[in-house]
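*Asks:* 3D model of this:
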Amino acid sequence: MSYTYTIPNSMAPNSYVVSNGSSGIDWTALSTVSITSDPVHNTLEVKGDANFDGDIKVKGKSITNSLDRIEERLAILRPNEELEEKWEQLRGLRNAYIELEKEILEKQAIWSILKK
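*Replies:* The predicted model follows:
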């Protein structure tokens, strides 16, 4: 047996919590949101945007921790636009990094084509 909850935007407060008593989902209503819960098959389907207060785990593995480690490993920068507005040198360094990264990626693409 499955249960579907659909809440149209016209009835939407700023946010909702739909709960089965032990856990819930909190999301901001931008449009109609539909949640289907199937306790027999242990599935939950959300159609629409969902904001979770807390971590999501897949087979015990934290999605938040995994994404943080991936971003760190790939050296993904999180520019501070407020500081860049005040410090031309900081903005220049970011632009130089972006240009160098683009150049390196182009060279790697060329090398991979030549190696074939």
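*Asks:* hmm, who's touching stretch 63-71?
*Replies:* 55-57 (C-beta atoms under 8 Å, 6 or more residues apart in numbering). Quick note: C-beta positions are derived from backbone N, CA and C, even for glycine.
*Asks:* out of those residues, who's nearest residue 107?
*Replies:* residue 56 (37.5 Å; C-beta to C-beta).
*Asks:* Excluding sequence neighbours, find me the nearest residue to the closest one.
*Replies:* residue 63 (4.5 Å; C-beta to C-beta, 6 or more residues apart in numbering).
*Asks:* Determine the number of other residues adjacent to the one you found.
*Replies:* For residue 63, the neighbour count with other C-beta atoms under 10 Å is 12.
*Asks:* hmm, back to that, which members of the contacts of stretch 63-71 occur in strands, if any?
*Replies:* Mapping the contacts of stretch 63-71 onto strands (DSSP state E) picks out residue 57.
*Asks:* Redo the contacts of stretch 63-71 as TSV? Include distance to residue 44 and pLDDT.
*Replies:* Listed next are the contacts of stretch 63-71 as TSV, based on distance: C-beta to C-beta, whole Å; pLDDT from 0 to 100:
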residue	distance to residue 44	pLDDT
55	16	89
56	11	88
57	13	89
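*Asks:* List the buried residues in the lengthiest helix in the chain.
*Replies:* Across the chain, the helix with the greatest residue count (assigned by DSSP state H) is helix 88-115. For helix 88-115, the neighbour count (16 or more other C-beta atoms under 10 Å) marks no residue as buried.
*Asks:* can you check stretch 40-47 too?
*Replies:* Quick answer for stretch 40-47 (16+ other C-beta under 10 Å): residue 44.
*Asks:* model confidence over it, on average?
*Replies:* In this model, stretch 40-47 has a mean pLDDT of 73.
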